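[1] Sequence first, then the predicted structure, then my questions.
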Amino acid sequence: MIAEAQRGPYSEEEPSIRLEKLGRQQPAKRKPIVRYQSIHKSFGELEVINGIDLDIFSGEKIALIGPSGSGKTTLGRMLMTLEEPTSGSILIDDEPLWQMERKGKIVRANEKHLHRIRSKIGMVFQHFNLFPHMSVLKNVTLAPRSVLQLSKEEAEERAVEMLRKVGLEQKLHDFPAQLSGGQKQRVAIARALVMQPKVMVFDEVTSALDPELVGEVLTVIKDIAEDDDMAMLLITHEMEFAREVADRIVFGAEGRIVEQGTPEQLFENPQSDRLKSFLQRFL
Ligand SMILES: Nc1ncnc2c1ncn2[C@@H]1O[C@H](COP(=O)(O)OP(=O)(O)O)[C@@H](O)[C@H]1O
Ligand SMILES: [Mg+2]
């Protein structure tokens, strides 16, 4: 009963309290870096997101779990501006992503606006989509060169640093075909990190990998999660990993958030039948 009373309705204080417990930055300095507000998304007749409100605090690590088809990828893709919400708004760093102001009116965002805001977000997908005809180094320097307009030297310096972070500094001049799936996924992670995003979205980045390669990729993500300032939205079926890395677990089903809380709350004391039966499958 006590656990239930303590949980109460989810409040904005909760993630900060947990961050403090972990000895991270003072909660007072934390602010929402992403705010999903009353988000709906339909594909034709199919309503995929049914009214989602979710704040992600700067530096917060959220694991988004839920059955296949529940709208997790769509939620991530909307941050990356790959899908547009049917209604509602998404704020990034206090600015609307999909709307902008022009001559005192709120209008639909243009490419320039989307581009500027999107640069704060990095995303890694299930399938890595590296350019096969480019070396590892070239894959990682491409966006810093073309988007950030860094010099070749600056871009390479940053890229090498990121490739070192994911343990691939020996592979700079290899081509994707010479790498294992786990190594390719680590290049994809370095490619997103090199843009220094404020939020990283990882969408089931290990589910296309052979089982023996999953560990090396999760280890790299855990290592990156040590960065206190970067927020993460981890869409995953790796429950042990979610428990270890996440400050907060969000469980979604059928386009809604069904339950959320600390890993302890959700994994040890799930409240809804939906979550209970979902977790059963991972035991
Ligand atoms: N571009 C699209 N066009 C039509 N339906 C889509 C599109 N993208 C996703 N869907 C549908 O939306 C639902 C949610 O998909 P998704 O966000 O990928 O769920 P999850 O990642 O939780 O498995 C699914 O029924 C999927 O088939
Ligand atoms: Mg998905």
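    The structure has been received and is ready for your questions. Residues are numbered from 1 along each chain as shown. Ligands and ions are numbered 1, 2, ... in the order given.

[2] Give me the three-state assignment for Ile249.
    Here Ile249 is strand, with the state taken from DSSP: H, G, I helix; E, B strand; the rest coil.

[3] ok, for it, nearest residue in space, not its chain neighbours?
    Of all residues not flanking Ile249 in the chain, Leu266 sits nearest, at 4.4 Å (C-beta to C-beta, 6 or more residues apart in numbering). Bear in mind the C-beta positions are built from the backbone N, C-alpha and C, glycine included.

[4] Surely the one you found and Gly252 touch.
    No. The criterion here is C-beta atoms under 8 Å, and Leu266 misses it with Gly252 at 11.9 Å.

[5] Leaving out sequence neighbours, find the closest residue to Arg118.
    Per C-beta to C-beta, 6+ apart, closest to Arg118 is Thr81, 4.9 Å.

[6] Now do the SS call for that neighbour.
    Applying three-state DSSP: Thr81 is coil.

[7] And the one 3 residues further on, by the same measure?
    Each residue gets one of three states, and Glu84 gets coil by three-state DSSP.

[8] For it, give its distance to ligand 2.
    Distance of Glu84 to ligand 2, given as C-beta to the ion, to the nearest Å: 18 Å.

[9] What number of residues are in the vicinity of that residue?
    14 (other C-beta atoms under 10 Å).

[10] same deal with Asp174?
    Asp174 has 15 neighbours, counted by other C-beta under 10 Å.

[11] Ok, the one 5 residues further on next?
    Residues contacting Leu179 under the criterion other C-beta under 10 Å number 18.

[12] Tell me which residues touch it, please.
    Val136, Lys171, Val187 (C-beta atoms under 8 Å, 6 or more residues apart in numbering).

[13] before we move on, back to that, A helix includes the residue nearest to Ile249, no?
    Yes. According to three-state DSSP, Leu266 belongs to a helix.

[14] Can you get me a residue count around it?
    For Leu266, the neighbour count with other C-beta under 10 Å is 25.

[15] Let's verify Asn129: helix, strand, or coil?
    Three-state call for Asn129 (three-state DSSP): coil.

[16] ok, now how distant is it from ligand 1?
    Asn129 is 16 Å from ligand 1, where distance means C-beta to the nearest ligand atom, to the nearest Å.

[17] Excluding residues flanking it in the chain, which one is nearest that residue?
    Nearest non-adjacent residue to Asn129, counting by C-beta to C-beta, 6+ apart: Ala188, 7.3 Å away.

[18] Settle this for me: that neighbour is touching Phe128, isn't it.
    Yes. Contact criterion C-beta under 8 Å: Ala188 and Phe128 qualify, at 4.0 Å.

[19] Looking at those two, which is more packed in?
    Neighbours per residue (other C-beta under 10 Å) separate Ala188 from Phe128, with Ala188 holding more: 24 against 21.
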